[in-house]
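[1] how would this look folded up:
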Amino acid sequence: MMQLLKTKTFLKLVVAGCLIVPVVGQTFQSVQKSSMPVHGQAGMPVLPAQPLAKDPGNTWGLPASQADQIVRYPSAEVAFICGPQLKAGSTLNPFPWFDTTARAQGIAHGEKAPRIAPFGAMFLAKNVWRNTISGRVSAVARGTVVTGKGTRFTRDLDLAWPAPGYNGHFRIRDASGIERIVKVRSVESDTRLVLANPWPHVSVSDTVADTFYHEPDLGKNTDHYYLANYYDTALVQYINYYRTGDTRFLDYARKTADALWHSQFIGDGTVVGGDNHLPPRSMAFAGLMLRALDGRPEMWDYLEREVRAAFDDWVYRRKNDPGLYYDIRDDGYAQLYAVIMAKVLPDAYPLYANGTLGARTGTATNGAAKRATYLSQTEDTAVNFFGRLQWADGSWRWNENGSKPDDQLRDIEQPFMVGLYLESVVLLHQLTRNPAVKANLAKQLTRSVHHLYRDAFQRNNRVTDLPPHRWRSMFYFWGGGSVANPRKFSPPPPNTTANGDRESVAAARHFQSTVHHAFGYAYYVTGDKTFKEMGDDVFEASYGDRVDGIHCLAASGKAKDYDMNYRASGRYLVWRLAARQPGESAPRFNNSP
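    Okay, here's the model as predicted:
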C-alpha cells in the first residue's frame with residue numbers, strides 16, 4: 001500500500017421544470033426516503049441533523065423561462081458545496097452526452113463502490129499493528145469458524161459487494177508470521193465469522209487480520225479504493241441525486257461517504273497523522289461535508305479540525321513565502337475546504353475527540369466565530385498568497401523535484417491543477433463582502449482563464465495521423481522546464497500523432513476536466529462573451545458531438561476519471577446562460593474537426 005505521509009516526497013508517489021426536492025427546509029435526511037437506513041458505523045442511529053436554512057433559490061439572473069430548469073437544494077449550505085446545476089436532461093444543455101454519461105457512469109460506479117472500505121496491507125510499526133481490522137482473531141486447524149476478541153466483523157467485512165476486490169477476501173496472520181489468504185462465507189456477528197473452506201494451517205489465536213487483496217487486473221484493492229475516491233465520489237453522487245431526483249444516487253453518496261469515514265484513511269474521525277493521513281488532494285472532504293449535513297453531524301468535529309490543520313499547514317502559515325508551498329492543487333484544496341467551512345460549518349455541533357465510535361465529548365457552540373475566522377483568513381490568503389503569486393501571464397508556477405536533471409522541474413504549471421484552485425476562487429468570490437477581495441478574485445479568475453485558453457489549450461493543433469481532427473486539449477505541463485532543459489515547456493511541444501488511436505485524443509482532452517467551471521463563472525461575473533465562446537469550445541471538446549464526437553475520459557470506467565469531470569463541470573452549464581444577451585441562443589463552435 002502506498003504510504004500516505006503528508007510530505008512532498010509522498011505526494012510525488014500519487015498519480016480529476018425546476019428540480020425541487022420535497023420537504024425543502026427540513027433536515028437533509030428527510031429530503032427523500034431512501035432504501036438505505038442511516039446509521040453510525042457501530043450500527044446505532046446517528047444524531048439528528050441540525051436544521052438547515054432554506055435555500056434562497058438563486059436563479060443566477062436567468063429569466064423565469066430558464067430558471068425553472070435549475071436544480072434547487074434543501075439548504076443554502078448544500079447549494080454552496082454542489083454549485084448551480086441544470087436538471088439532468090434539460091433542453092438548455094446543448095451537450096447531451098454530458099448528461100447521459102453522468103447518469104450511466106454514476107450508476108456503474110455507484111454499484112461497484114464498496115459499502116465497507118478494505119483494510120491493509122497490515123504492517124508492524126513501533127510494536128503496533130497498522131491497517132488491520134479491529135481486535136484480534138483466532139482460528140482452529142481444519143475448522144471453518146473464526147472468532148474475534150474486540151472485533152467488529154459486521155462493520156469491517158462486506159461479502160456482498162463487487163468481486164474481486166471487495167467481496168469477502170480475508171487475510172489472517174498465522175503462527176509462523178505469514179499472512180494467509182482465505183475467503184469468508186458468512187459473517188454471523190461482530191465476533192464470529194465462517195470461512196468458505198476449513199483453515200488449512202495450524203491453530204492460531206489472538207492474531208491480526210486484514211481484508212487486503214491483490215488481484216491481477218484490479219491491483220491492490222486498497223490502492224484501487226484510494227484512487228477511486230481521489231476526486232470525491234460522494235460529492236459527485238450527491239450532485240447526481242440533485243440533478244436527477246433518483247434516490248439511487250443518494251444511496252450511493254451516503255454509502256461512499258460512510259465507507260470513506262470508516263476507512264483506514266479517516267478511521268471514524270481518529271486519523272490525524274501517520275502513514276494513512278490524507279493530504280489535501282485526496283481528502284475528498286466536500287462529499288463528507290454533504291454527508292455531515294445529511295444526518296451525520298458527528299462528522300463536523302473531525303472535519304473542522306482537519307480543515308483547520310490543513311489550511312494552516314499548507315496555506316496560512318505560508319502566506320508570506322516566495323512561492324507555493326507545494327503546488328496549486330494541494331495548496332488550492334486546503335484553501336477550498338477552508339472557504340467551504342466559512343459558509344457551511346454549523347453554529348453548534350457535537351464533539352467527538354476520540355472519534356465517532358467513542359462517546360460524545362461535548363458540544364461546540366462557536367461555529368459562527370469559526371466561520372468568520374475562516375472567511376477573514378481565506379480572504380487574506382486569496383489576495384496575499386495566491387493573488388501575489390499569480391504570474392503576469394495569468395499562470396501559477398511551482399517546482400518539482402526528481403532523481404534526474406530532466407525530472408527536476410522548474411517554474412512549471414499543470415492546467416488541470418489550476419482548475420481545482422479556481423473552485424476556491426469562485427466560491428470565495430460569492431461569499432466575500434469585501435469589494436477589494438472580490439475585485440482581486442475576479443482578476444485572478446479572468447487572467448487565469450484567458451491564459452489557459454490562449455496558452456495551454458491546443459485548439460488548432462492537428463492530429464497528424466487522424467485528419468482532419470484537432471487535439472483540442474490542454475497541455476499536461478505548461479511553462480518553465482527542467483534543470484536539464486529550462487525551456488522544456490516554454491512552450492510545450494505540440495501534440496502530433498495519436499498512433500491512429502482516437503482514445504489518445506480523448507486521453508489528452510482529459511487534462512481540461514477540472515477547468516470548465518472557471519470559464520462559466522468568468523462569463524457570469526464579467527458579461528464578456530469571449531469567456532463563453534472559449535468555454536463552449538473547451539466544453540464541446542470534452543463532452544460535445546457537434547465537431548468530432550471525440551470526448552474526454554469521463555466514460556473510461558474509472559471512478560477517478562469520472563469524478564474529475566463531474567465534480568465542478570456541471571456549473572458551467574448554468575453560468576454560460578447567466579449572462580446571456582437577449583436573442584442569443586445556441587453556442588457557436590469552430591465546426592472544423
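[2] who's in contact with the helix or strand containing Arg410?
    Following DSSP states H and E, one finds Arg410 within strand 409-412. Residues outside strand 409-412 that contact it (CB atoms under 8 Å, 6 or more residues apart in numbering): 397-402, 477-483, 486, 489. The C-beta positions use only the backbone N, C-alpha and C, and glycine is treated the same way.
[3] how about the helices in the stretch 301-450 of the chain?
    With DSSP state H, counting those that start in this stretch as the criterion, the stretch 301-450 of the chain has helices at 328-344, 367-381, 388-389, 415-431, 435-451.
[4] now the angle from the second one to helix 435-451?
    Computed by axes from the mean of the first three to the mean of the last three CA atoms, to 10 degrees, the angle separating helix 367-381 from helix 435-451 equals 60 degrees.
[5] which elements pack onto helix 367-381?
    helix 300-314, helix 328-344, helix 415-431 (3 or more CB pairs under 8 Å, 6 or more residues apart in numbering; DSSP states H and E).
[6] so what touches it?
    So helix 367-381 is contacted by 304, 311, 315-316, 319, 335, 338-339, 341-343, 345-349, 424, 428, 431-432, 434, 437 (CB under 8 Å, 6+ apart).
[7] buried subset of these?
    304, 311, 315-316, 319, 335, 338-339, 341-343, 345-346, 349, 424, 428, 431-432, 434, 437 (16 or more other CB atoms under 10 Å).
[8] low-confidence regions, the chain specifically.
    1-57, 579-593 (pLDDT under 70).
[9] swap the cut-off to 50 and go again
    1-54, 580-589 (pLDDT under 50).
[10] tell me which of the helices and strands packed on helix 367-381 sits most buried.
    helix 328-344 (a mean of 26; mean count of other CB atoms under 10 Å).
[11] contacts only, for Phe153.
    Contacts of Phe153 by CB under 8 Å, 6+ apart are Ile133, Val187, Ser189, Asp190, Thr191, Arg192, Leu193.
[12] buried subset of those as a PyMOL selection?
    Of these, the buried ones can be selected in PyMOL as follows, counting by 16+ other CB under 10 Å:
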select buried, resi 133+187+190+191+193
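[13] now the contacts of Phe153 in a markdown table, with secondary structure?
    Compiled in a markdown table, the contacts of Phe153 are given as follows (DSSP: H, G, I helix; E, B strand; the rest coil):
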| residue | secondary structure |
| --- | --- |
| Ile133 | coil |
| Val187 | strand |
| Ser189 | strand |
| Asp190 | coil |
| Thr191 | coil |
| Arg192 | strand |
| Leu193 | strand |
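[14] closest to Ser90 out of the contacts of Phe153?
    Val187 (44.2 Å; CB to CB).
[15] distance between the strand holding Arg410 and the chain's centre?
    Distance, stretch centre to chain centre, for strand 409-412: 26 Å (CA atoms, centre = their mean, to the nearest Å).
[16] helix, strand or coil for Thr59?
    Going by three-state DSSP: Thr59 is coil.
[17] surely it touches Ile70?
    Yes - Thr59 is within contact range of Ile70, at 6.2 Å (criterion: CB atoms under 8 Å).
[18] when the two are compared, which one has more neighbours?
    Ile70 (24 against 18; other CB atoms under 10 Å).
[19] so what's that one up against?
    Cys18, Leu19, Thr59, Trp60, Leu62, Pro84, Gln85, Leu86, Lys87, Val574.
[20] run through the bridge partners of it.
    Ile70 has the following beta-bridge partners by DSSP bridges: Leu86.
[21] next, the contact list for Asn276, please.
    Asn276 neighbours (CB under 8 Å, 6+ apart): Leu4, Arg130, Asn131, Gln264, Phe265, Gly267.
[22] what about the third one, how many residues nearby?
    Applying other CB under 10 Å, we find 20 other residues in the vicinity of Asn131.
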